[in-house]
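Novice: quick one, what's the 3D model for this:
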Amino acid sequence: MDHQSPFTLAHGDCRADVHPATGGALAALRWRGRDILRAAPANAGVRQMACYPLAPYSNRIGNAVLQADVHAHALRANFPPEPHSIHGFGWQRAWHVAARTSDSAELLLVHGGDADWPFACTVQQTVLLDDAGLRLTLSVRNDDTRAMPAGLGFHPYFPLAPGLRLQAQWDGVWSMGADRLPAGLAPVAQASPFATPQPVAGWQADNCYSGWTGRASLDYGNYSVQLSASDNCGHLVCFAPNDERGFIALEPVTHANNAFALAARGAQGTGMRVLAPGESLHIAMRLAMKDTAEAQHA
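Specialist: As a prediction, the model looks like this:
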């Protein structure tokens, strides 16, 4: 078996194109011929993919300095020209296909510690298609002799189609400063504008929301996508540029942006985890698709 070339999984009405060598990403997810996630063009880089894993942290580590216990570790600023580190190392590495069937795959990334992340760890992702749609799982295990801060997330991009309506519930937002990092040590209370289904057109956001219920619904008119995540994904990063790029990213994550530095400064509720040697963190995300006409007659 080729352990890094792209391949396609299939189950019923679903197809998923998996690109292990490009950040362990999905290049496409199709259901009944529709692109459920934005489809990547040929020879795309990872930031043009349909979905990629975030490990062993989500979003930014401010000025590429990781606060771990009483130690500060200088990381590589991996998203120039920004001075920060972003999304961990998994999205910029080639993954290894450890196992594969016609409708599932297990991808593996063994990390020995380097300038991107100083701790040894193993990251595992599973991709599964079933009758409902897509299920992704992601885990990181601390293989180091030291305690390791950790976080995980998924970065799916959904097409921004005319008339798209979003429903998602949260109760706070980590307000962002000009440096694209949280401006304070606590989220600001905010009632979700999408507590009931509302049009996405015109909404611009690049924020991390707290108190997310772990559920979101995208209504495209003739079909809908139900996004759900494991209970430990209590934060949702929404990137809605509402421009010619034509997507909205809804990212289930375990922690707030810059969570490690926030926690070191005494912030509560960041979602940051510290893994003892040998300990693991696991998350999951599901995308379930329904035809609107079928749902009305169910």
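Novice: need the contact list for the closest residue in space to Pro118 that isn't next to it in sequence.
Specialist: Of all residues not flanking Pro118 in the chain, His73 sits nearest, at 4.8 Å (CB to CB, 6 or more residues apart in numbering). All C-beta spots, glycine's among them, are computed from the backbone N, C-alpha and C. Counting by CB atoms under 8 Å, 6 or more residues apart in numbering, His73 touches Val65, Leu66, Pro118.
Novice: any idea which strand is longest in the chain?
Specialist: Counting residues, the longest strand in the chain under DSSP state E turns out to be strand 280-291.
Novice: contacts for that one?
Specialist: 13-14, 29, 31-32, 36-37, 132-142, 150-154, 156, 222-230, 232-233, 252, 254, 273, 275.
Novice: give me that answer again for 7 Å
Specialist: Strand 280-291 has contacts (CB atoms under 7 Å, 6 or more residues apart in numbering) with 31, 36, 132-141, 150, 152, 154, 223-230, 232-233, 252, 254, 273, 275.
Novice: one more: stretch 101-120?
Specialist: Contact with stretch 101-120 is made by 9-11, 18, 20, 24, 56, 73, 75-76, 78, 88-90, 93, 95-99, 121-129, 142-144, 146, 148, as judged by CB under 7 Å, 6+ apart.
Novice: same thing but 6 Å
Specialist: Residues from elsewhere that reach stretch 101-120 (CB atoms under 6 Å, 6 or more residues apart in numbering): 9, 11, 18, 20, 24, 73, 76, 89-90, 93, 95-96, 98-99, 121-129, 143-144, 148.
Novice: strands of the stretch 101-250 of the chain, start to end?
Specialist: 104-111, 121-129, 133-142, 148-150, 153-159, 165-168, 172-174, 188-189, 198-199, 205-210, 215-219, 223-229, 235-240, 247-253 (DSSP state E, counting those that start in this stretch).
Novice: Arg180: which of the ones you listed is closest?
Specialist: The minimum distance between Arg180 and the strands of the stretch 101-250 of the chain falls on strand 205-210, with 7.8 Å, by CB to CB.
Novice: dump the closest one to PDB, restricted to CA.
Specialist: C-alpha atoms of strand 205-210 as PDB (Å, rounded to 0.1, in the frame of the first residue of the first chain):
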ATOM      1  CA  ALA A 205     -15.900  37.400  11.600                       C
ATOM      2  CA  ASP A 206     -12.500  36.000  12.600                       C
ATOM      3  CA  ASN A 207     -13.100  35.200  16.300                       C
ATOM      4  CA  CYS A 208     -13.100  32.400  18.800                       C
ATOM      5  CA  TYR A 209     -16.400  31.900  20.500                       C
ATOM      6  CA  SER A 210     -16.700  30.300  24.000                       C
END
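Novice: just want the most central residue of this protein.
Specialist: Nearest to the geometric centre of the chain sits Phe154, at 1.7 Å (CA atoms, centre = their mean).
Novice: Cys121 versus that one, what's the distance?
Specialist: 18 Å (CB to CB, to the nearest Å).
Novice: next: Ser85.
Specialist: Taking CB to CB, one finds Ser85 at 15 Å from Cys121.
Novice: I would like the residues contacting stretch 142-150, please.
Specialist: 56, 68, 119-122, 140, 260, 273-277, 279, 281.
Novice: filter the residues you listed down to the buried ones, PyMOL style.
Specialist: The buried residues among the contacts of stretch 142-150 can be selected in PyMOL (16 or more other CB atoms under 10 Å) with this line:
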select buried, resi 56+68+119+120+121+140+260+273+275+281
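Novice: report the two of the contacts of stretch 142-150 separated the most.
Specialist: Across the contacts of stretch 142-150, no pair lies farther apart than Thr122 and Phe260, at 20.0 Å, counting by CB to CB.
Novice: neighbours around the residue nearest to Pro162 when sequence neighbours are not counted, how many?
Specialist: Distances taken as CB to CB, 6+ apart put Ala201 closest to Pro162, at 7.3 Å, once the chain neighbours are dropped. Counted with other CB atoms under 10 Å, the neighbours of Ala201 add up to 13.
Novice: ok, now His155?
Specialist: As a burial measure, His155 scores 25 neighbours (other CB under 10 Å).
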